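Peer 1: no letters, just coordinates:
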């Protein structure tokens with residue numbers, strides 16, 4: 001057993017050998033204490049969007065510390081948060097108008113669930129059920145674990161978890177069963193929202209399903225007046241070939257959660273959920289406030305990746321964060337066309353025409369692309385965002 005005082009995630013320390021220490025990181029590689037260069041094929045848990053320690057991001061972080069640390073977000077705002085929110089809304093699927101900042105993918109999902117339930121509570125409708133897909137994973141906080149697949153990692157917390165309705169995964173030949181199950185759940189009149197990983201179930205085994213199924217689920221939700229929450233924490237920021245996986249189904253969710261790749265792997269909390277105007281008006285128009293501070297960082301530099309750009313957007317409010325822990329990676333004059341050493345080339349429809357993302361999942365091919373290591377993901381540098 002290791003003598004280190006550090007408790008690592010998903011690790012049985014009584015069985016595992018002592019862990020190698022990383023002493024530096026740059027580009028697609030980690031360097032351990034023995035001088036070995038290790039190819040970061042998982043992009044440090046799907047976060048390193050532009051490669052480790054991109055010089056422009058590092059410079060932007062250093063500059064930000066000269067003006068901000070943690071700033072209360074109740075009754076105050078600041079230009080970087082406003083600019084970031086507007087840029088995110090421009091990139092998001094149509095109809096998402098507000099940004100709520102949070103601190104991780106798990107809490108992005110937690111807040112999205114609260115938004116959905118709060119929306120119907122404020123409307124005076126008794127809708128208190130959430131529908132999810134089997135094999136799904138949405139995080140490790142209590143609400144997120146409740147909606148994910150039950151198993152060895154969350155069995156100890158079963159008394160704390162709430163019940164949800166689960167759809168069968170749409171295996172080849174069984175797609176209609178999944179749609180029929182959702183229709184049946186919705187007929188009860190108690191479904192508040194469908195929470196789903198669009199196109200790819202990441203931690204559940206990289207299981208892929210077709211965009212037509214996602215579009216069909218959205219149509220059923222609209223017909224029965226329930227919300228759709230797209231958990232794009234893993235699939236967002238280009239991992240499936242479009243900026244957001246929802247784009248391939250031609251749908252706009254009512255709430256979209258994003259994290260991981262949003263951070264570029266350099267900053268620890270930044271984020272939120274994006275939502276539609278009707279949800280914002282029903283909840284945020286009520287007289288309550290939530291204290292929060294957060295700080296996005298502008299990049300007055302050349303584009304890091306064609307995936308990101310800034311532009312005009314809507315107001316936002318946040319639930320937690322630190323002014324220096326926000327998205328140096330996605331604010332600034334970043335364009336979605338052209339070629340980047342990380343992401344490759346994007347066509348005018350925001351679909352990748354060539355790529356080299358390390359763990360990019362192609363639902364149509366059902367495999368991962370491992371050409372490089374500049375994708376996204378890490379528990380140590382996360383950001384989450386919910387579009388509404």
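Peer 2: Here it is on my side, so go on. Here the structure is a predicted model, which means the values were calculated and not measured.
Peer 1: CA only for contacts and neighbour counts going forward, please
Peer 2: Noted.
Peer 1: all the helices of the stretch 51-200 of the chain, residue numbers only.
Peer 2: 55-64, 79-91, 105-122, 142-147, 175-186 (DSSP state H, counting those that start in this stretch).
Peer 1: let's have those in a markdown table, adding distance to residue 208 and mean pLDDT.
Peer 2: Shown next, in a markdown table, are those (distance: least, CA to CA, whole Å; pLDDT from 0 to 100):
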| stretch | distance to residue 208 | mean pLDDT |
| --- | --- | --- |
| helix 55-64 | 33 | 87 |
| helix 79-91 | 24 | 90 |
| helix 105-122 | 20 | 95 |
| helix 142-147 | 19 | 95 |
| helix 175-186 | 12 | 98 |
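Peer 1: make TSV out of these and add mean neighbour count and distance to residue 43.
Peer 2: Listed next are these as TSV, based on neighbours: other CA atoms under 10 Å; distance: least, CA to CA, whole Å:
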stretch	mean neighbour count	distance to residue 43
helix 55-64	17	16
helix 79-91	23	22
helix 105-122	23	16
helix 142-147	23	23
helix 175-186	17	32
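Peer 1: below-threshold pLDDT in the chain: ranges please.
Peer 2: 1-2, 268-277, 281-388 (pLDDT under 70).
Peer 1: now with 50, please.
Peer 2: Applying pLDDT under 50 to the chain picks out residues 269-272, 285-385, 387.
Peer 1: picking that back up, in JSON lines: the helices of the stretch 51-200 of the chain, plus distance to residue 27.
Peer 2: Formatted as JSON lines, these follow (distance: least, CA to CA, whole Å):
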{"stretch": "helix 55-64", "distance to residue 27": "10"}
{"stretch": "helix 79-91", "distance to residue 27": "25"}
{"stretch": "helix 105-122", "distance to residue 27": "24"}
{"stretch": "helix 142-147", "distance to residue 27": "32"}
{"stretch": "helix 175-186", "distance to residue 27": "41"}
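Peer 1: neighbours around residue 123, how many?
Peer 2: 11 (other CA atoms under 10 Å).
Peer 1: now residue 54
Peer 2: With other CA under 10 Å as criterion, residue 54 counts 18.
Peer 1: shouldn't it be in contact with residue 28?
Peer 2: No - between residue 54 and residue 28 there is no contact under CA atoms under 8 Å: 10.4 Å.
Peer 1: mind listing the shared neighbours of the two?
Peer 2: Common contact partners of residue 54 and residue 28 (CA atoms under 8 Å, 6 or more residues apart in numbering): none.
Peer 1: quick one: closest of the helices of the stretch 51-200 of the chain to residue 227.
Peer 2: helix 105-122 (7.0 Å; CA to CA).
Peer 1: by contact count, what packs against the closest one?
Peer 2: Contacts defined by 3 or more CA pairs under 8 Å, 6 or more residues apart in numbering; DSSP states H and E place helix 105-122 against helix 142-147, strand 191-196, strand 227-231, strand 255-259, strand 273-276, helix 277-284, strand 384-387.
Peer 1: one more time with 7 Å, if that's ok
Peer 2: helix 142-147, strand 191-196, strand 255-259, helix 277-284, strand 384-387 (3 or more CA pairs under 7 Å, 6 or more residues apart in numbering; DSSP states H and E).
Peer 1: compute the inter-axis angle for it and strand 191-196.
Peer 2: 160 degrees (axes from the mean of the first three to the mean of the last three CA atoms, to 10 degrees).
Peer 1: helix 105-122 vs strand 255-259, what angle?
Peer 2: Helix 105-122 and strand 255-259 are oriented at 160 degrees to each other (the same axes, to 10 degrees).
Peer 1: how far off strand 227-231 does helix 105-122 point, in degrees?
Peer 2: Between helix 105-122 and strand 227-231, the angle comes out at 170 degrees (the same axes, to 10 degrees).
Peer 1: residue 128 is nearest to which of the helices of the stretch 51-200 of the chain?
Peer 2: That would be helix 105-122 among the helices of the stretch 51-200 of the chain, by CA to CA, at 6.3 Å.
Peer 1: please consider this matter closed, and thank you.
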